[in-house]
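Enquirer: Okay, predicted coordinates and the sequence, questions at the end:
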Amino acid sequence: MIRVNLHSLLSVGVAALLLAACDRRQEGTYQGYAEGEYVRVGPIDGGTIDAIPVRRGDKVADGALLFQLDATAEIAAQAQAAAQLAQATSQYQDLLKGLRAPELEQIVESRANAAASLKKAQFDFARTEQLYGNGNASKAALDSARAARDAAAASVRELDAKLVTGKMSARQDQVDAAQAAVKAAQAALDQANWRLSRREGHTPQGGTVEDIFFRVGEFASATQPVVSVLPPQNIKVRFFVPEPELGGVHVGDRVSLTCDGCPAGLIGRVRFISTQAEFTPPVIYSEQSQAKLVYMAEAWPEKAPEDFHPGQPVRVALQQAE
């Protein structure tokens, strides 16, 4: 679909009409027209437009919602990323805690039983050792009692070690790996949230909705503008300076701006002067203007830029140097 920028056509036509009046002006005064630098807001990814809650001519504030795209896939991706983050966080915290309380209690009970067995084994060994000394027990019985005592002591030491390690977290390399998994899951969730947020178009600057390029239900490609907004601070006045008078106009000069229906006393400041000359457009050639060179310049209103409308004729006059 080919869309014609009416503002651009209007600006060209107005420029031609304004330049035709250059021969009848006083030196230091120029004919110009208002122009706007539009903010065109579009999606980073393509999608079907679900809603456009604004209309042409609406005044919108900073951050206002301009359009919404279908976000079914992005909502699902966000839920998946949130679940993966919760899982990774749970695993990381589990590694930091060591064994659970019931597991530790079971080790404590096993250790108590082992300690009781060791006490009995020590008693049996002492009695067998005494009997062996009196000649009432064999060497085999003594060795068996000694082995039972040593085994019971080893069991107690093993459970003591389990109790100590059970209160500790996992190995440091396991903890580091789990922590890295949490960071990766958080980054994935942040990206999913960002992509979901970009299914909506918000204006970075308040202004007037100048154009809407799509309708609800149409498909907008990535980076393709959906809504155009004109912030008031982006309105300027463009005028043309004949080559002989170029030396009298400088960046930073103050100019008075007047237009039909505008309040009196509007002031602007020159911000830009083209370094390239252009001929007076052929559509306004005359015996007086033929082959004249002009330079395009731009002045920005210091106050009330919203009083100007793109394409509106504006008279520009240089003020005395401050």
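Expert: Structure's in. What do you need?
Enquirer: ok but residue 107 is inside a helix, no?
Expert: Yes: assessed with DSSP: H, G, I helix; E, B strand; the rest coil, residue 107 lies in a helix.
Enquirer: any idea how far it is from residue 174?
Expert: For residue 107, the distance to residue 174 equals 21 Å [C-beta to C-beta, to the nearest Å]. No exception for glycine: its C-beta is placed from N, CA and C like everyone else's.
Enquirer: more crowded one of the two?
Expert: A count of neighbours by other C-beta atoms under 10 Å puts residue 107 above the other of residue 107 and residue 174, at 19 against 13.
Enquirer: Residue 78: what secondary structure?
Expert: helix.
Enquirer: wait, isn't it in contact with residue 189?
Expert: Yes: using C-beta atoms under 8 Å, residue 78 makes contact with residue 189 at a distance of 7.2 Å.
Enquirer: Which strand or helix spans the spatially most central residue of the chain?
Expert: Centroid-nearest residue in the chain, with C-alpha atoms, centre = their mean: residue 194, separated by 6.2 Å. Residue 194 belongs to helix 172-197 when assigned by DSSP states H and E.
Enquirer: how about the very next helix or strand once past that helix: buried residues?
Expert: Tracing the chain C-terminally past helix 172-197 and defining elements by DSSP H and E, one meets strand 200-202 next. Using 16 or more other C-beta atoms under 10 Å as the test for burial, strand 200-202 gives residue 201.
Enquirer: Pull the distance from strand 200-202 to the chain's centre.
Expert: Centroid separation for strand 200-202 versus its chain: 12 Å, with C-alpha atoms, centre = their mean, to the nearest Å.
Enquirer: Listing partners with orientation, what would you give for the helix or strand that it is followed by?
Expert: Later in the chain than strand 200-202, the nearest helix or strand by DSSP H and E is strand 207-212. Partners of strand 207-212 in the sheet, by DSSP bridges, are strand 59-60 (antiparallel), strand 227-230 (antiparallel).
Enquirer: I'd guessed residue 316 sits against residue 298; true?
Expert: No: counting by C-beta under 8 Å, residue 316 does not reach residue 298; the two are 10.3 Å apart.
Enquirer: Tell me which of these two has more neighbours.
Expert: Using other C-beta under 10 Å as the criterion, residue 316 and residue 298 rank with residue 316 on top: 25 against 18.
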